[in-house]
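J.: dropping the sequence and predicted coords here.
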Amino acid sequence: MAGRLENKVCIVTGGARGLGRCFAAALAAEGARVASLDIAEASAIPGVRHLTCDVADPDACRAAVSDCVAALGPVDVLVNNAALYATLPMQRYDEIDPALWDKVMRVNLRGAFNMVQATGPGMERRGAGRIIQITSGTVMKGLPNMAHYITSKGGLAAMTRALSRELGPMGITVNNLAPGLTLSDSILANADHVEATRDKVIASRAIPRDGHPQDLLGALIFLASDDSGFVTGQTLVVDGGSVNT
């Protein structure tokens, strides 16, 4: 039986580990031809082609997309997942180094824009496409000591609203997938984040349990597939009901 994304070409940024790796594998399992872009090396995933790319570099993004198109075909789906989060120290606003602030914005916000600029024109020419921005439920409710991260994700959410209006007439949808705290391998490697937030987050949820990467996959496939063809400019929060939209 064919998957819902049979022969679609998908790019996932930040696909070497964490949620990105899970996203890439899930898209491939639905029949997509997938390219995983990451600055880090990645172990093999069946059906996924890994390309080294620093999303903060627009030239690197254009080159990686060109390689992807040559190897797999025109891009149907872009998942802008690459972000600095799990490795960031939790710091008061007045302790955040300006250089770190700029780095977070370069990767989390400008990196996503670089990828849209690299893939959008091809989608326009074909009159179809799906852009999925991985934002965060923290944009709706805030979180202390992570002002740089939350600001970057808030900017990404606003970018989605702008792009949905600009690209909708060309048949391209742009939506946010906003996880809550999700226990991927990347976040579990940073005990400070887990210890500082886990109990409070679970207590805030209508479904009071940990979130796991597989909890996000149904929403991801929906936003990548034809099922969401009349949905754009929206934020789908997957966090067990911590945020009620």
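T.: Done, it's in.
J.: residue contacts, the residue nearest to Ala32 when sequence neighbours are not counted?
T.: The shortest distance from Ala32 to any non-neighbouring residue, by C-beta to C-beta, 6 or more residues apart in numbering, is to Leu5 (4.0 Å). Just so you know, the C-beta spots here come from the backbone N, C-alpha and C atoms, and that holds for glycine as well. For Leu5, the contact set (C-beta atoms under 8 Å, 6 or more residues apart in numbering) comprises Leu27, Glu30, Gly31, Ala32, Val77, Ile221, Ala224, Ser225.
J.: try it again at 7 Å.
T.: Leu5 makes contact with Leu27, Glu30, Gly31, Ala32, Ala224, Ser225, according to C-beta atoms under 7 Å, 6 or more residues apart in numbering.
J.: residues in contact with the fourth one?
T.: When contacts are counted by C-beta under 7 Å, 6+ apart, Ala32 is found next to Leu5, Lys8, Val9, Cys10.
J.: hang on, the earlier thing: just the contacts of Leu5: which are in helices?
T.: Residues of the contacts of Leu5 located in helices (DSSP state H): Leu27, Ala224.
J.: which helices and strands sit right next to the strand ranked longest in the chain?
T.: In the chain, with assignment by DSSP state E, the single longest strand is strand 172-179. Judged by 3 or more C-beta pairs under 7 Å, 6 or more residues apart in numbering; DSSP states H and E, the packing partners of strand 172-179 are strand 129-134, helix 147-167, helix 214-224, strand 235-238.
J.: burial count for Pro213?
T.: Look at Pro213: counted by other C-beta atoms under 10 Å, it has 22 neighbours.
J.: tell me the contacts of it?
T.: Pro213 neighbours (C-beta under 7 Å, 6+ apart): Leu19, Cys22, Thr182, Ser184.
J.: quick one: closest of the helices and strands packed on strand 172-179 to Ile45.
T.: Set against Ile45 and scored by C-beta to C-beta, the helices and strands packed on strand 172-179 come closest in helix 214-224, at 14.1 Å.
J.: residue nearest the centroid of the protein?
T.: Nearest to the mean C-alpha position of the chain, by C-alpha atoms, centre = their mean, lies Asn81 at 2.4 Å.
J.: could I get the phi/psi values of it?
T.: Main-chain torsions, Asn81, degrees, to the nearest 10: phi -110, psi -20.
J.: can you check the one 10 residues further on too?
T.: According to degrees, to the nearest 10, the main-chain angles of Gln91 amount to phi -140, psi 150.
J.: mind listing what it touches?
T.: Asn145.
J.: ok so, going back, any idea of the pLDDT on the residue nearest to Ala32?
T.: For Leu5, the pLDDT comes out at 97.
J.: all helices for the protein, in order.
T.: Using DSSP H, the helices of the chain run over 18-29, 58-72, 98-104, 111-126, 138-141, 147-167, 185-188, 191-204, 214-224.
J.: and the first one, average pLDDT?
T.: Averaged over helix 18-29, pLDDT sits at 97.
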